[in-house]
Structures are given as structure tokens and as C-alpha cells.
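Visitor: below is the sequence, then the predicted model.
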Amino acid sequence: MNSSKSSTVVKRQLETALQLLETGNLDNLRSLLQKMHKGEETRLAYHASAEAEYRYYQQLFEFAPDGYLVTDVAGIVKDANRAAETLLNQSLDFLKDKFIDSFVSKEVRPSFHDYLHYLEDSRVTAYDDWQTIIEPPGLPAFPATIAATRLTDKHRRVIGFGWLIHRVRSPHLSDESTPAMPSFEQQVMVHTAELSETNRQLRREIERRIKIEADLQESEARYRAIIEDNSELICRLKPDGTLTFVNTAFCRYFGRSPDDLIGRSFFPIVPKEDRQLLEQYLASLNIEQPSGNIEHRVILRNGEIHWQRWSDRLIFDQDGCLVEIQSVGRDITDRKQVELALIEERKMLRTLIDSLPDAIYFKDTRSRFIIGNQAVARLMGAHYGEELVGKTDFDFYPQDIAVNYYTDEQAVVESGQPIVAKVEPVINPLGERRWLSTTKLPLRDQDGKVIGLVGIGRDITQHKELEEALYQK
């Protein structure tokens with residue numbers, strides 16, 4: 001409903017009412033007033049609908065897991081959601097009227113200005129995944145991606161930009177006798193006074209509502225643009241999984257229109273193997289813990305299986321009853337494939353070291369086991385290498401032997417120098433004395449810092465016994 005058009009109609013109706021009063025046409029005046037009353041009810045209903053839609057998009061904005069900033073065309077912050085306040089470690093009052101580049105590192109500010117000018121180009125509607133460094137006051141700097149979109153009003157004029165920051169509520173006439181019928185002049189005077197007062201009140205109310213309506217339209221357009229043009233997948237679901245809202249990115253990702261999705265359940269696009277996990281996760285959320293994250297697979301329209309990570313928040317009514325679930329997701333297929341490949345590599349490595357006859361183990365800087373293969377587990381009286389994790393040689397060997405092992409290992413950690421092929425005794429679970437040729441190497445991180453050690457022990461008992469026998473001869 002156009003605010004200026006609505007105001008013009010009301011103005012004409014008031015002028016007509018005054019003309020009817022002047023001519024004494026009270027029947028038509030009464031009919032006009034009834035029509036104006038119905039029109040006002042329609043405007044109130046539209047106003048309530050606009051307010052509800054505004055609150056809807058404002059909730060999507062406020063409770064989104066990623067930070068959102070809204071600026072004017074000059075890059076001055078005008079609004080921010082809760083996640084942005086947390087990321088930037090500042091309240092909305094502090095963030096307001098600050099230039100958008102105030103929160104990025106000085107080194108990237110020049111390119112950030114180029115980024116802003118690029119957005120001002122009328123041919124550009126959005127710009128995604130610009131890499132930068134965020135420097136929140138009082139907190140360590142962190143890398144982030146920034147996606148921006150141009151915000152327009154209903155006339156498609158640019159009114160600002162939306163920025164996504166992602167962290168890799170009648171007088172009566174009577175006398176003392178029997179009441180007499182008022183004269184025509186008295187009726188006109190009474191109705192004129194009533195209409196004049198009603199007119200003043202109506203004008204004030206219309207002006208107030210026109211301003212509220214315009215503000216709501218601008219805010220709704222701004223929040224809608226942020227949600228619709230966002231690269232994140234955004235949707236809302238009923239508690240039973242029925243979709244009630246999907247943004248453009250969600251539709252584009254699944255290759256379907258809003259009409260195809262809204263009113264249908266989200267669960268069929270989740271593989272059966274993951275569906276029970278998703279249902280259990282949603283059931284775990286409640287009013288005390290209203291938000292959470294989950295990773296699961298989805299089925300695309302072409303049948304491909306992709307991985308997604310979703311951040312969910314429960315929406316409750318004023319009585320504390322769950323009404324909807326707001327979800328923001330992104331594709332993590334590439335990352336998940338890397339993770340699964342690493343898991344397979346670790347399995348292959350584990351199989352390899354467990355098949356070797358030599359005792360192989362990894363320890364941290366305090367000589368605690370991180371990994372141990374089957375050979376070292378058997379040597380120490382354990383069934384599996386996992387039983388060694390977090391323990392030291394003092395948990396398995398006599399004090400004098402464990403002290404010697406610990407001393408050698410700490411020397412490797414502190415000096416960074418290896419111990420190679422040292423012959424040393426060990427007592428097996430049967431109490432037998434065995435001999436090992438032990439090599440211990442420093443384990444370093446990517447910066448060259450020693451973070452532990454790798455040990456390899458080869459049983460040379462037969463060789464040692466043969467050597468002693470030859471020596472005795």
C-alpha cells in the first residue's frame with residue numbers, strides 16, 4: 001500500500017465530508033464516515049501485517065550466526081546484529097556512525113576503499129568472499145571473509161550496503177422536561193464539532209502511521225535485501241520440518257523455486273543414514289539451549305551428495321512455545337572431502353605401523369604416549385596401542401629403567417638432537433630381559449619447534465646373546 005496515495009485519499013475524503021456538512025447532507029456524511037472507518041481498518045490491518053513482516057526479517061537479521069553490518073552509501077555503519085557486536089567486541093551504540101573500514105587492519109584499508117567504490121557501480125549488486133583481517137578492539141585480530149550487497153528501496157535507488165562478516169510488541173442537548181428533538185442547526189453544530197475534533201485526531205494519527213509505514217518499508221527492504229542476496233543458505237522451518245521461508249541462495253543451491261520448497265518438509269533432502277542424527281540433534285535443542293550446529297549430508301536435485309554445516313536457533317512465542325527454527329547453512333563438501341581423505345590416510349598409516357615388527361611410538365614433550373603400534377603395546381603388556389595414550393614408561397616399567405628412558409627423551413626434546421641405535425634393556429610382560437636397538441628423533445611442527453619425539457625400537461636380543469656367547473668363547 002502506497003503511503004502518499006493513502007494520505008491523498010484520506011485528505012479527499014475529509015474535504016468531501018466538510019462539503020457535505022456545509023450542504024447539510026447528513027445521510028451521505030454518515031455513509032462517508034462509515035467508509036472512512038472501513039478504510040482506516042484496512043490501513044490498520046496492513047500496518048499490522050507490515051509490522052509482522054518487519055519483525056520476521058529483523059529476527060532473521062538479529063539471530064544470524066554470522067556478523068552483519070548495514071551502512072549508508074558512504075560506508076558509515078547504521079545497524080549491526082548481535083553476532084557483529086560479538087565479533088567486533090563493541091556494542092551497537094559504539095559501532096554506529098563509524099566508517100566500515102575502522103575494523104579491518106590498516107594494511108588492507110586502501111584496497112577496502114577500492115572495494116567500496118566497486119560496490120557503488122550500478123552494474124554490481126553483490127560482491128562475495130573478500131579476504132581481510134578483522135581487528136576488534138581488545139581482542140586478537142582474526143581472518144575473515146566479507147560479502148557485501150547493495151541495498152535498494154522500492155524505486156531501486158541505492159540506500160546503502162549490507163556486509164556479511166564470516167570468521168576460515170457526543171454531547172447531548174436537553175432541558176429539565178422531556179427531551180426535545182434538536183433543530184437542524186443544532187445537529188449541524190454538534191456534528192461539525194465532532195467532525196472537526198475527529199479530523200484533527202485522524203490527521204495526527206495518519207501522519208504518525210504514514211511515517212511508521214515508510215520507516216517499516218525502508219527497514220523491511222533493507223533486511224530483505226540482506227537475507228535474499230546473502231550467499232549463505234537461510235531458511236525457516238516449523239518444528240515438524242516444514243519449510244516456511246527460503247532465501248534466494250537456498251533455492252539456487254537446491255535448484256528449486258520457493259513454491260517448490262515452501263510447505264514441504266526439509267527432511268527428504270537429507271539421506272536416510274543422516275536423518276536420525278538430524279532429528280536427535282533438533283530434539284536436543286530447547287529453551288535453555290536454543291541454538292546449535294550440525295554437519296550432515298544433503299541430496300541435490302541431480303542426485304549428488306554434498307556436505308553442509310548448519311547453525312540453528314529455536315524461535316519461541318511469548319508463552320515459551322516453539323514456533324519455528326531459523327537455520328543458516330553453507331556447503332562444506334570440499335572441506336569434508338579433505339577430512340575424509342585424511343582419515344583414510346591415517347587408517348592406512350595405522351595399518352602400516354601396526355604390521356611392522358619394530359616398536360614404533362610418538363610421545364609429547366612430557367614423554368606421554370600419543371600413538372603406539374601393536375608391537376610396542378605387546379612389549380609393554382597392553383592389548384592395543386590405544387591403551388598407552390596419555391601414559392608414560394613409569395606406568396609399565398621398573399623405576400630404574402623408566403628413568404633412563406625419560407632422561408634420554410628429555411635430552412632429545414631439549415636439544416633437538418636424535419639418539420640413534422642405542423642398545424638398551426627392556427623387561428617384557430613375562431619378566432624376561434630383552435635388548436632393543438632404540439632410535440629417538442625430535443618431532444617438529446611446521447615452524448620447526450620441537451613438539452615431541454618419535455621412537456623406534458628393534459628387538460636385537462638374539463643378536464646380543466650371540467655376541468655375548470662369542471665374547472665368552
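Guide: Happy to help now that I have it.

Visitor: how is the chain divided into domains?
Guide: What automatic domain parsing lists as the domains of the chain is 3-58+182-224, 67-166, 233-331, 349-472.

Visitor: now do the end-to-end distance for the last one.
Guide: With Cα to Cα, to the nearest Å as the measure, the first residue of domain 349-472 is 43 Å from its last.

Visitor: for the second one, same thing?
Guide: Looking at domain 67-166, the gap from its leading to its trailing residue is 6 Å under the measure Cα to Cα.

Visitor: can you check stretch 133-146 too?
Guide: Taking Cα to Cα, the first and last residues of stretch 133-146 lie 10 Å apart.

Visitor: residue 379 - how many residues pack around it?
Guide: Here the number of neighbours of residue 379 (other Cβ atoms under 10 Å) works out to 20. Quick note: C-beta positions are derived from backbone N, CA and C, even for glycine.

Visitor: and if you look at residue 157?
Guide: Using other Cβ under 10 Å, residue 157 has 9 other residues around it.

Visitor: same check, this time on residue 107
Guide: 9.

Visitor: cool, and residue 421?
Guide: The burial count for residue 421: 11, using other Cβ under 10 Å.

Visitor: who does the closest residue to it other than its chain neighbours form a beta bridge with?
Guide: Spatial nearest neighbour of residue 421, excluding adjacent residues (Cβ to Cβ, 6 or more residues apart in numbering): residue 437 at 5.1 Å. On the basis of DSSP bridges, residue 437 is bridged to residue 423, residue 458.

Visitor: what is the burial count for residue 437?
Guide: Using other Cβ under 10 Å, residue 437 is surrounded by 17 other residues.

Visitor: which ones are touching the most centrally placed residue in the chain?
Guide: Taking Cα atoms, centre = their mean, the centroid of the chain lies closest to residue 65, which sits 2.6 Å from it. Going by Cβ atoms under 8 Å, 6 or more residues apart in numbering, residue 65 touches 83, 291, 311, 313, 328.

Visitor: got the contact list for the nearest residue to it once chain neighbours are set aside?
Guide: Here the nearest residue to residue 65 in space, its sequence neighbours aside, is residue 311; by Cβ to Cβ, 6+ apart that works out to 3.9 Å. Taking Cβ under 8 Å, 6+ apart, we find residue 311 in contact with 65, 291, 292, 293, 327, 328, 329.

Visitor: what comes into contact with the host helix or strand of the last one?
Guide: For residue 329, the element it lies in under DSSP states H and E is strand 322-331. In this structure, residues lying in contact with strand 322-331 by Cβ under 8 Å, 6+ apart are 59-60, 63-66, 232-239, 244, 253, 282, 285, 287, 306-317.

Visitor: could you do stretch 112-121 as well?
Guide: With Cβ under 8 Å, 6+ apart as the criterion, stretch 112-121 contacts 73, 75, 100-101, 104, 124, 127, 130, 132, 148, 150, 158, 161.

Visitor: what do you get for stretch 395-406?
Guide: Identification of contacts with stretch 395-406 by Cβ under 8 Å, 6+ apart yields 367, 380, 381, 382, 392, 393, 394, 424, 425, 426, 427.

Visitor: may I see the buried residues of the strand holding residue 329?
Guide: Buried residues in strand 322-331, counted by 16 or more other Cβ atoms under 10 Å: 324, 325, 326, 327, 328, 329, 330.

Visitor: picking up where we left off before, now, of the contacts of strand 322-331, which are buried?
Guide: Neighbour-count burial (16+ other Cβ under 10 Å) is assigned, among the contacts of strand 322-331, to 59-60, 63-66, 232-237, 244, 253, 282, 285, 307-308, 310-314.

Visitor: from the residues you listed, which ones fall inside strands?
Guide: Of these, the ones assigned to strands by DSSP state E are 233-237, 244, 307-308, 310-314.

Visitor: below-threshold pLDDT in this protein: ranges please.
Guide: Residues of the chain meeting the criterion pLDDT under 70: 1-60, 121-129, 168-207, 209-211, 213-230, 473.

Visitor: from residue 255, how far off is residue 301?
Guide: Remark: distance between residue 301 and residue 255 (Cβ to Cβ, to the nearest Å) = 4 Å.

Visitor: again with residue 309
Guide: 20 Å.

Visitor: doesn't residue 339 belong to a helix?
Guide: Yes - Residue 339 forms part of a helix when assessed by DSSP: H, G, I helix; E, B strand; the rest coil.

Visitor: picking up where we left off before, tell me which two in the contacts of residue 311 are the farthest apart.
Guide: Using Cβ to Cβ, the pair of the contacts of residue 311 lying farthest apart is 291 and 329, separated by 13.7 Å.

Visitor: quick one: residue 408 and residue 420 touch, right?
Guide: No - the pair residue 408 / residue 420 is not scored as a contact, 11.4 Å apart, by Cβ atoms under 8 Å.

Visitor: so for the two, which sits in the more crowded spot?
Guide: Taking other Cβ under 10 Å, residue 408 and residue 420 do not tie; residue 408 has more neighbours (18 against 11).

Visitor: roughly how far does residue 416 sit from residue 381?
Guide: From residue 416 across to residue 381, the span is 32 Å (Cβ to Cβ).

Visitor: could you do residue 326 as well?
Guide: Distance, residue 326 to residue 381, using Cβ to Cβ: 54 Å.

Visitor: number of residues surrounding residue 252?
Guide: Neighbours of residue 252 (other Cβ under 10 Å): 11.

Visitor: equivalent analysis for the one 3 residues further on, please.
Guide: Using other Cβ under 10 Å, residue 255 has 10 other residues around it.

Visitor: what's near enough to touch it?
Guide: Going by Cβ under 8 Å, 6+ apart, residue 255 touches 300, 301, 302.

Visitor: kindly provide the distance from the closest residue to the last one other than its chain neighbours to residue 110.
Guide: Yep, that's residue 302 we're talking about. Distance criterion Cβ to Cβ, 6+ apart; nearest residue to residue 302, sequence neighbours excluded, is residue 255 at 7.4 Å. As for residue 255, its distance to residue 110 is 40 Å (criterion: Cβ to Cβ).

Visitor: what of residue 371?
Guide: Residue 371 is 48 Å from residue 110, by Cβ to Cβ.

Visitor: if you count surrounding residues, which of those two has more?
Guide: For residue 371 versus residue 110, neighbours defined as other Cβ under 10 Å are more numerous around residue 371 (18 against 10).

Visitor: now the residue nearest to the more buried one when sequence neighbours are not counted: how far from residue 427?
Guide: Of all residues not flanking residue 371 in the chain, residue 362 sits nearest, at 4.3 Å (Cβ to Cβ, 6+ apart). According to Cβ to Cβ, residue 362 stands 22 Å off from residue 427.

Visitor: make TSV out of the ones in strands among the buried ones among the contacts of strand 322-331 and add distance to residue 469.
Guide: Formatted as TSV, those follow (distance: Cβ to Cβ, whole Å):
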residue	distance to residue 469
233	74
234	79
235	78
236	82
237	79
244	85
307	62
308	68
310	69
311	70
312	72
313	76
314	77
